[in-house]
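curious how this folds, go ahead:
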Amino acid sequence: MRNLPSSASLCLVILAASCGGGGGGGGVTSSCANIAVTPAQVEFGEVPLQEARIQSVTVSNIGTCDLDVTSIIASAPFAVSKPTLTVLPVTQEQINVGFNCVSNGVVSGSITFKSNDGNKSPLVIPVSAQCGVVVTLQVESLSIPPVTAALDENSGLCTYTLTPGSATLGSTVSPPSSGPPFYDIILTSVHVTYVWDDGAVTPAADFPLGGSIPTNGTASVQFEFISYESLAGRGGHTAVLTMTFNGTTVLGEDVSVNAGGTLTVSSCPL
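Numbers count the residues shown, from 1 in each chain. You can find the predicted model right below:
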């Protein structure tokens, strides 16, 4: 008489098959390989211009069969030292993540791990760095004066009085720098979009913006925010404005900041 395997023996046979004999197989996922990556995100912090940095990432296998990491890809400009890995059960391996700082700015990306872990593939972790000096444009204060309307007795037409908007803009340099080199911001333009309370459409507009902001300083500026022609038929209405203030550092790097405000147009007296 033929003996049937016990339920415990049958479970062991199924488990061994699912583990692929401990190797994970080419592209075959497994329920017994278990990937863990530390740190959960890689932060290089501040990296001086034209310098490189390396950080280590640990890839652990907390499962019971081999973990086959078949692809490790970092988004540019980051790079990894190994394209693949095999990690034995309850062990770990290390890879290096490299970054070369070539231009000022905040850089972000990711590292993607593809493996035979049937529950966590692909596994993606973020990576970031602050390359060189980062200059930030900020809005300290903002004022959008109302547009007043009056009836021209001679023409019988409604006329509008426009007062320029005003703002205090500031700059922050990180890491802190008092120069040289200096990172003054030369202001260039303000881009304005409009959302009217009655759904009317006014095309977005660009207006010139003059002045400059010293390194880690502030400057008060005045600016146009709507053209006279765009006010036709707008008496008694309001609009939500989104303004983008633009500038360029003395080193030629573009900077910008967004701000919002509300425009009120008075009704023309009858």
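
can you give me every residue that contacts the nearest residue to residue 118 once chain neighbours are set aside?
Distances taken as Cβ to Cβ, 6 or more residues apart in numbering put residue 29 closest to residue 118, at 3.6 Å, once the chain neighbours are dropped. Every residue, glycine included, has its C-beta placed from N, CA and C. Residues in contact with residue 29, defined by Cβ atoms under 8 Å, 6 or more residues apart in numbering, are 116, 117, 118, 121.

need the nearest residue in space to the second one, chain neighbours excluded.
In other words, residue 117. Sequence neighbours aside, residue 35 is the residue nearest to residue 117 in space, at 4.5 Å (criterion: Cβ to Cβ, 6+ apart).

check contacts around residue 205.
So residue 205 contacts 191, 192, 226, 227, 230 (Cβ under 8 Å, 6+ apart).

buried among those? Need that as a selection in ChimeraX.
To isolate the buried ones among the contacts of residue 205 in ChimeraX, judged by 16 or more other Cβ atoms under 10 Å, type:
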select :191,192,226
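
how about the contacts of residue 205, which pair is most distant?
The largest separation in the contacts of residue 205, counting by Cβ to Cβ, is between 191 and 230 at 14.4 Å.

name the surrounding residues that touch stretch 145-159.
160-165, 226, 231, 234-235, 263-270.

for it, buried residues please.
Neighbour-count burial for stretch 145-159 [16+ other Cβ under 10 Å]: 147, 149, 158.

so the second one sits in a strand?
Yes: going by DSSP: H, G, I helix; E, B strand; the rest coil, the assignment for residue 149 places it inside a strand.

how about the nearest residue to it, chain neighbours excluded?
residue 268 (4.2 Å).

how about that neighbour, what does it touch?
149, 150, 151, 158, 235.

tell me the bridge partners for the second one.
To tie it back to what came earlier, the one meant is residue 150. residue 159 (DSSP bridges).

looking at the contacts of residue 268, which one is closest to residue 92?
Distances from residue 92 to the contacts of residue 268, taken by Cβ to Cβ, are shortest for residue 235, at 70.7 Å.

pretty sure that closest one sits against residue 269.
No: Residue 235 is beyond contact range of residue 269, at 9.6 Å (criterion: Cβ atoms under 8 Å).

follow-up on the earlier one: what is the nearest of the contacts of residue 268 to residue 98?
Nearest member of the contacts of residue 268 to residue 98, counting by Cβ to Cβ, is residue 235, at 61.3 Å.

residues in contact with the closest one?
Counted by Cβ under 8 Å, 6+ apart, residue 235 has contacts 149, 158, 160, 265, 266, 267, 268.

would it count as being in a helix?
No: with three-state DSSP as the criterion, residue 235 is assigned coil and is not in a helix.

ranges for the strands of the stretch 151-270 of the chain?
Secondary structure of the stretch 151-270 of the chain, counting by DSSP state E, counting those that start in this stretch: strands at 158-161, 165-174, 185-196, 205-208, 212-213, 218-223, 238-249, 254-264.

the ones you listed: which one's closest to residue 110?
strand 165-174 (23.0 Å).

report the angle between the closest one and strand 185-196.
130 degrees (axes from the mean of the first three to the mean of the last three Cα atoms, to 10 degrees).

can you tell me the centre-most residue of the chain?
With distances taken as Cα atoms, centre = their mean, the residue of the chain nearest its centroid is residue 108 (7.7 Å).

give me the element that one is part of.
strand 105-115 (DSSP states H and E).

and the angle from that strand to strand 165-174?
60 degrees.
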